[in-house]
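Asker: I'd like to go over a predicted model; first the sequence, then the structure.
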Amino acid sequence: MGPPLELIRERTRGTSWEGRLWLVGGAVRDRLLGRPEPKDLDLVLEGSALVFAQWCRETGLSEIDPVTYPRFGTAMVRVAGSTVELVTARKESYRPDSRKPDVRPATLSDDALRRDFTVNALYENVHTGELRDPLERGWEDLRNLVLRTPLDPAETFREDPLRMLRAVRFRWQLGMNPAEGLYEAIRAARERLGIVSRERIRDELVRMLGLAEADRCLQDLLDLGLLGLFAPELAAMAGVAQGHQHHLDVWSHTLLALRSLGPGDPACSLAVLLHDVGKPATRTEEPDGRIRFLGHERVGAEIAERWLRDMRFPGALIAEVSALVRGHMRVLDPERLGDAALRRLLRDFGGSLDRLLRVAEADASAHRPGTPHPDFGALRRRLEELGRITPAQKLRSPLSGEQIMALTGWPEGPMVGRAKSWLLERVLEGALPPDDERLAREALLEALRRGDLP
Ligand code: ATP
Ligand code: MG
């Protein structure tokens with residue numbers, strides 16, 4: 001057991017809290033499964049979570065002022081760098097029009113009934129190590145890897161429809177089998193996902209994308225009719241047939257690319273998930289039967305941006321992911337990229353360039369078997385080499401607007417901007433070294449003499 005739990009155990013020993021703290025959820029479940037234990041802890045208290053949270057603060061056990069939700073009887077503290085959620089053992093009832101429960105004190109059995117799955121309702125006493133299975137199903141279901149709700153699934157999902165997404169995640173994260181009737185209940189209740197906030201759905205989706213089985217999760221979300229409720233743009237990729245180098249429809253190609261990418265980088269995962277989202281809207285079939293998706297990367301970037309904003313992703317992530325979608329075609333044919341194209345990539349992507357290559361690599365690896373795989377290793381080396389000679393921040397006009405005005409005697413105006421762009425282009429092409437003002441002046445004057453400037 002990790003240091004946060006040890007610390008809590010030590011500090012509460014001999015106090016009135018001893019014996020009244022129960023570990024629940026992932027920490028208990030994952031250890032019994034022999035999986036790596038989660039960093040964050042969930043504790044159920046026989047007693048007020050709010051009072052305990054305050055006690056944690058006063059004794060210095062918590063590193064932060066507790067975040068408390070008096071109406072729910074829950075609180076959050078931080079111990080030894082880990083988040084610890086505290087819950088008052090409680091009984092809840094839901095009003096049909098809301099997810100917000102009314103809470104009053106109760107027992108571990110009541111607490112178990114309001115959890116999402118039986119395997120998440122196993123309790124371990126922090127001090128005695130006693131294991132409790134109030135539902136008398138949790139143990140058995142964990143041994144048999146059966147994912148089952150404590151109540152009739154229709155009721156569990158009605159109370160908090162986010163649990164439908166959690167069912168899909170736990171199924172694949174833990175390699176479990178849905179209990180009989182579980183998936184049917186999701187199909188029947190799916191429309192209720194509409195009452196769940198975008199933020200909660202987003203967080204579950206990000207957790208799914210963090211799994212090696214993200215593709216399986218997404219396929220389930222599509223099959224269950226859940227995906228279309230919060231991401232119709234993604235669901236629209238299913239069944240869109242493609243030509244030549246593709247053996248799969250746009251959706252299955254995307255999932256294969258996601259699998260090949262692997263988890264661990266949310267920006268990359270989202271970019272791969274969205275890289276072809278513009279294809280359904282841009283698909284055309286030529287008279288000779290050729291299927292094309294002209295401009296799908298540009299249209300896709302716009303769709304991606306809108307959807308990510310709708311899901312309340314942070315602005316910086318939205319900007320990066322939509323840039324990756326827009327740029328994903330630029331590196332698919334590395335042999336045809338000259339140095340100027342590579343410098344443009346360095347300028348446009350900077351620190352995000354490695355992600356662009358990973359996205360393109362995942363995309364290429366999901367093409368029809370036998371399609372020649374672009375040499376991304378060679379491309380990486382060339383980019384590194386070029387980037388060493390000319391760091392991205394030096395890829396700019398060697399002369400400032402003022403310097404150009406002083407040189408030419410022009411007043412402020414569009415001509416100055418055009419001259420700057422022209423100089424930048426020369427740098428990108430490698431015709432001018434970066435930062436060399438003298439050569440830049442000569443080149444600009446020469447171009448003006450010859451009338452080369454647009
Ligand atoms: P992991 O951290 O690996 O995702 P976990 O089971 O710890 O798994 P958390 O989201 O951390 O999942 O939640 C902790 C516990 O709280 C769960 O095990 C479950 O008992 C309960 N829980 C969380 N969210 C819900 C919910 N929406 N409905 C009912 N119970 C929930
Ligand atoms: Mg957890």
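Answerer: Alright, I've got the coordinates. Ligands and ions are numbered 1, 2, ... in the order given.

Asker: centre of the chain to whatever helix or strand Trp251 lives in, how far?
Answerer: Counting by DSSP states H and E, the element that carries Trp251 is helix 250-261. Between the centre of helix 250-261 and the centre of its host chain there is 15 Å, according to Cα atoms, centre = their mean, to the nearest Å.

Asker: before we move on, what about stretch 158-166?
Answerer: 20 Å.

Asker: start to end distance for it?
Answerer: 14 Å (Cα to Cα, to the nearest Å).

Asker: does ligand 2 have contacts with that stretch?
Answerer: No: Stretch 158-166 does not reach ligand 2 (Cβ under 5 Å from the ion); its nearest approach is 11.0 Å. Heads up, the C-betas are built off the backbone N, CA and C, glycines and all.

Asker: quick one: mean pLDDT for that stretch?
Answerer: Averaging pLDDT along stretch 158-166 gives 97.

Asker: do any residues in it lie close to ligand 1?
Answerer: Yes: residues of stretch 158-166 contacting ligand 1 under Cβ under 6 Å from any ligand atom: 160, 162-163.

Asker: what is the neighbour count of Leu342?
Answerer: 21 (other Cβ atoms under 10 Å).

Asker: same question for Pro70.
Answerer: Neighbours of Pro70 (other Cβ under 10 Å): 11.

Asker: now it, what are its backbone angles?
Answerer: In terms of degrees, to the nearest 10, the main-chain angles of Pro70 are phi -50, psi -40.

Asker: so it touches Leu50, yeah?
Answerer: Yes: if you go by Cβ atoms under 8 Å, Pro70 and Leu50 touch, sitting 6.1 Å apart.

Asker: so where is the stretch 1-150 of the chain shaky, pLDDT-wise?
Answerer: For the stretch 1-150 of the chain, applying pLDDT under 70 flags the ranges 1-2, 90-106.

Asker: residue in it nearest to ligand 2?
Answerer: Of all residues in the stretch 1-150 of the chain, Gly26 sits closest to ligand 2, at 3.7 Å by Cβ to the ion.

Asker: my guess is that residue meets Pro38, correct?
Answerer: Yes: between Gly26 and Pro38 there is a contact under Cβ under 8 Å: 4.4 Å.

Asker: when those two are compared, which one has more neighbours?
Answerer: More neighbours surround Gly26 than the other of Gly26 and Pro38, with 21 against 16 (other Cβ under 10 Å).

Asker: hmm, back to that, OK, contacts around the residue of the stretch 1-150 of the chain closest to ligand 2?
Answerer: 37-38, 40, 42, 120 (Cβ atoms under 8 Å, 6 or more residues apart in numbering).

Asker: show me what contacts Glu213?
Answerer: 172-173.

Asker: let me fix that, I meant to ask about Leu274.
Answerer: 234, 300, 303-304, 307-308, 321, 325.

Asker: that one and Glu385: what is the separation?
Answerer: Distance of Leu274 to Glu385, computed by Cβ to Cβ, to the nearest Å: 31 Å.

Asker: what's the answer for Arg187, then?
Answerer: 54 Å.

Asker: can you give me the strands in the stretch 101-250 of the chain?
Answerer: Remark: strands assigned in the stretch 101-250 of the chain by DSSP state E, counting those that start in this stretch are 102-105, 123-125, 131-132, 146-147, 177-178.

Asker: for the helix holding Trp251, packing partners?
Answerer: If you count contacts as 3 or more Cβ pairs under 8 Å, 6 or more residues apart in numbering; DSSP states H and E, helix 250-261 packs onto helix 214-223, helix 266-274, helix 353-365.

Asker: what angle separates that helix from helix 353-365?
Answerer: 120 degrees (axes from the mean of the first three to the mean of the last three Cα atoms, to 10 degrees).

Asker: got the angle for helix 250-261 vs helix 266-274?
Answerer: Using the same axes, to 10 degrees, helix 250-261 lies at 150 degrees relative to helix 266-274.

Asker: CA atoms of helix 250-261 as PDB?
Answerer: The C-alpha coordinates for helix 250-261 follow below in PDB (Å, rounded to 0.1, in the frame of the first residue of the first chain):
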ATOM      1  CA  VAL A 250     -13.300   5.800 -42.300                       C
ATOM      2  CA  TRP A 251     -14.500   4.800 -38.800                       C
ATOM      3  CA  SER A 252     -12.700   1.400 -38.700                       C
ATOM      4  CA  HIS A 253      -9.600   3.000 -40.200                       C
ATOM      5  CA  THR A 254      -9.700   5.600 -37.400                       C
ATOM      6  CA  LEU A 255      -9.900   3.000 -34.700                       C
ATOM      7  CA  LEU A 256      -7.100   1.000 -36.200                       C
ATOM      8  CA  ALA A 257      -5.000   4.100 -36.300                       C
ATOM      9  CA  LEU A 258      -5.900   4.800 -32.700                       C
ATOM     10  CA  ARG A 259      -4.800   1.300 -31.600                       C
ATOM     11  CA  SER A 260      -1.600   1.700 -33.500                       C
ATOM     12  CA  LEU A 261      -0.900   5.000 -31.800                       C
END
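
Asker: now do it against helix 214-223, angle only.
Answerer: Using the same axes, to 10 degrees: helix 250-261 against helix 214-223 is 160 degrees.

Asker: one step back: show me the residues of stretch 158-166 next to ligand 1 that map onto helices.
Answerer: Under the assignment DSSP state H, the residues of stretch 158-166 next to ligand 1 contribute 162-163 to helices.

Asker: the residues of stretch 158-166 next to ligand 1 into TSV, with extra columns for neighbour count?
Answerer: What follows is the residues of stretch 158-166 next to ligand 1, written out as TSV (neighbours: other Cβ atoms under 10 Å):
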residue	neighbour count
Asp160	19
Leu162	20
Arg163	22
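
Asker: I'd assumed Ala241 was in contact with Ile291.
Answerer: Yes: between Ile291 and Ala241 there is a contact at 7.0 Å, judged by Cβ under 8 Å.

Asker: more neighbours: those two, which one.
Answerer: Ile291 (15 against 11).

Asker: got the contact list for the closest residue to that one other than its chain neighbours?
Answerer: For Ile291, ignoring the flanking residues on the chain, the nearest one in space by Cβ to Cβ, 6 or more residues apart in numbering is Gly243 at 3.7 Å. Residues counted as contacts of Gly243 (Cβ under 8 Å, 6+ apart) are 289-292.
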